[in-house]
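> Let's see this in three dimensions:
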Amino acid sequence: MSLQTQIGRNALDVLEVVKTSVVTEILEARGKGTLKLTDQEVSELVRLVTGSIEKTFQNGLGTILAPLEDQ
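Predicted structure coming up:
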């Protein structure tokens, strides 16, 4: 497996950890009453936030992998 592939996979792992952490924080805040949202609102918030994280990640992945393309 190439170094570029390994780093790409590790970056995807980090992406999943970030998304899971953010969703967990949203759900915990709702459970504690910090966020007063309906189930539908929570679902929409989670969809928007995880979508934004994924888009940001996709936009930055090339920058992460660019130095490896020169090797």
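
> For the rest of this, base every contact and every neighbour count on C-alpha atoms.
OK.

> Check the spacing between I64 and G8 real quick.
8 Å (C-alpha to C-alpha, to the nearest Å).

> contacting residues around the most centrally placed residue in the chain?
The chain has K19 as the residue nearest its centroid, 3.6 Å off, counting by C-alpha atoms, centre = their mean. For K19, the contact set (C-alpha atoms under 8 Å, 6 or more residues apart in numbering) comprises T50, I53.

> can you start the count at 52 instead of 1 from here on
Let's use 52 as the start, then, which means that last one is K70.

> give me the element it is part of.
According to DSSP states H and E, K70 maps onto helix 54-83.

> can you check S103 too?
With DSSP H and E as the criterion, S103 is inside helix 90-120.

> so where's the chain uncertain?
Within the chain, no range satisfies pLDDT under 70.

> Just want the angle from the helix holding K70 to helix 90-120.
160 degrees (axes from the mean of the first three to the mean of the last three C-alpha atoms, to 10 degrees).

> what distance separates helix 54-83 from the centre of its chain?
Here helix 54-83 shows a centroid-to-chain-centroid distance of 5 Å under the convention C-alpha atoms, centre = their mean, to the nearest Å.

> for it, which positions count as buried?
Neighbour-count burial for helix 54-83, with 16 or more other C-alpha atoms under 10 Å as criterion, is recorded at Q55, G59, A62, L63, L66, K70, V73, V74, I77, L78, R81.

> From these, pick the one nearest R98.
V74 (9.4 Å; C-alpha to C-alpha).
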